[in-house]
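K.L.:
output the structure for:
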Amino acid sequence: MTTLAIKVDVDTDRGTRIGVPSLLALFEEFKISATFLFSLGPDNTGRAIKRVFRPGFLSKVSRTGVVSTYGIRTLLNGVLLPGPHIGRRCEAVLREARNRGHEAGIHCYDHIRWQDGLSGMSREEVFAEFDKARKEFERIFGEPSRTAGSAGWQANAFSLAAYDAAGLLYASDSRGIHPFFPRLENTVFRTLQIPTTLPTLDELLGRPEYPEKMIVSHYLSLLQTGVLNVLTVHAEIEGMQKRELFRSFLRQLHARSIPVIKLETAARQLLEKPVSIPNCDLVQGTVDGRSGTLALQET
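P.N.:
Got it, this is the predicted structure:
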């Protein structure tokens with residue numbers, strides 16, 4: 001059987017206010033339950049300008065239409081405009097996602113700080129930053145988060161240790177092919193990793209080898225039977241600019257009776273037999289169509 005889990009990364013204030021309700025309506029239309037991972041602190045998206053020096057960043061910007069995707073206001077947040085606090089401003093939207101039966105978890109506190117700065121933080125700084133996200137999540141939802149999925153697929157020994165200390169059920173920080181317990185610096189961490197297995201839409205958009213009219217069929221061709229397929233979508237892309245393209249994909253899933261589940265559902269099933277879950281090294285590497293280095297499952 002073919003099974004797909006959909007994880008929604010919510011990066012910005014605009015994506016939370018506009019993209020999340022849009023996705024909730026789509027998921028309701030197709031009777032889908034998904035996992036939403038929220039950015040909970042200030043939206044400082046404008047500070048990503050320093051990525052201009054990262055190989056592949058300008059190419060991705062030109063392909064994906066950053067201004068039309070995020071909007072001028074978002075691109076000024078944290079630079080010329082103060083970064084709005086997403087958790088305080090949008091808490092009703094966050095609660096609505098869970099009230100509709102979706103899973104809610106932590107993406108980060110400050111998206112730019114975590115994605116661009118994690119590798120340079122001390123252990124104490126990593127724990128403190130993650131604790132900010134945990135406290136804001138608990139303020140909004142009245143209970144601790146059981147999951148986290150890192151901004152930009154960033155992970156290291158400090159962030160994995162913070163997850164273990166928080167007692168998370170699972171995390172989704174990496175790119176890979178199957179669930180695993182991450183091994184790093186001779187330590188096997190306790191928190192299950194469920195990696196993203198499929199390319200994200202922004203990794204395909206604008207590339208001549210992936211014309212937009214063929215993207216849905218390309219995704220369908222990548223789905224494998226007998227394994228957990230995991231797709232990460234973004235509230236700012238699939239929930240806004242490319243909503244109709246995503247709707248076409250969901251329509252095809254529905255027509256083929258391919259079940260879509262929450263990551264939590266998969267995690268609980270997997271953890272019924274933890275001895276069957278392999279330990280795999282977590283390494284740094286690159287992914288086709290995305291700039292910078294990411295946490296990858298070594299296979």
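K.L.:
quick one, helices of the stretch 151-299 of the chain?
P.N.:
In the stretch 151-299 of the chain, helices defined by DSSP state H, counting those that start in this stretch lie at 157-166, 201-204, 212-222, 243-255, 263-270, listed in chain order.
K.L.:
quick one: list the elements packing against the last one.
P.N.:
So that's helix 263-270. Applying 3 or more Cβ pairs under 8 Å, 6 or more residues apart in numbering; DSSP states H and E, one finds that helix 263-270 makes contact with strand 3-10, strand 147-148, strand 170-171. To be clear about C-beta, it is placed using only N, CA and C from the backbone, and glycine gets the same treatment.
K.L.:
can you list the strands that the last one pairs with?
P.N.:
Spelled out, it's strand 170-171. Taking DSSP bridges as the criterion, strand 170-171 pairs within the sheet with strand 147-148 (parallel), strand 192-193 (parallel).
K.L.:
who touches it?
P.N.:
Outside of strand 170-171, the residues within contact range by Cβ atoms under 8 Å, 6 or more residues apart in numbering are 146-150, 160, 163, 179, 191-194, 263-264, 267, 270-271.
K.L.:
make a PyMOL selection of whichever of those residues turn out to be buried.
P.N.:
In PyMOL, a selection of the buried entries from the contacts of strand 170-171 looks like this (16 or more other Cβ atoms under 10 Å):
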select buried, resi 146+147+148+149+150+160+163+179+191+192+193+194+263+264+267+270
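K.L.:
pLDDT weak spots in the stretch 51-200 of the chain?
P.N.:
Low-confidence segments of the stretch 51-200 of the chain, defined by pLDDT under 70, are located at 51-82.
K.L.:
need the strands for it, in chain order.
P.N.:
Applying DSSP state E, counting those that start in this stretch to the stretch 51-200 of the chain gives strands spanning 103-108, 147-148, 170-171, 181-184, 187-188, 192-193.
K.L.:
distance to residue 214 added to the ones you listed, as a markdown table?
P.N.:
What follows is the strands of the stretch 51-200 of the chain, written out as a markdown table (distance: least, Cβ to Cβ, whole Å):
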| stretch | distance to residue 214 |
| --- | --- |
| strand 103-108 | 30 |
| strand 147-148 | 33 |
| strand 170-171 | 33 |
| strand 181-184 | 34 |
| strand 187-188 | 41 |
| strand 192-193 | 31 |
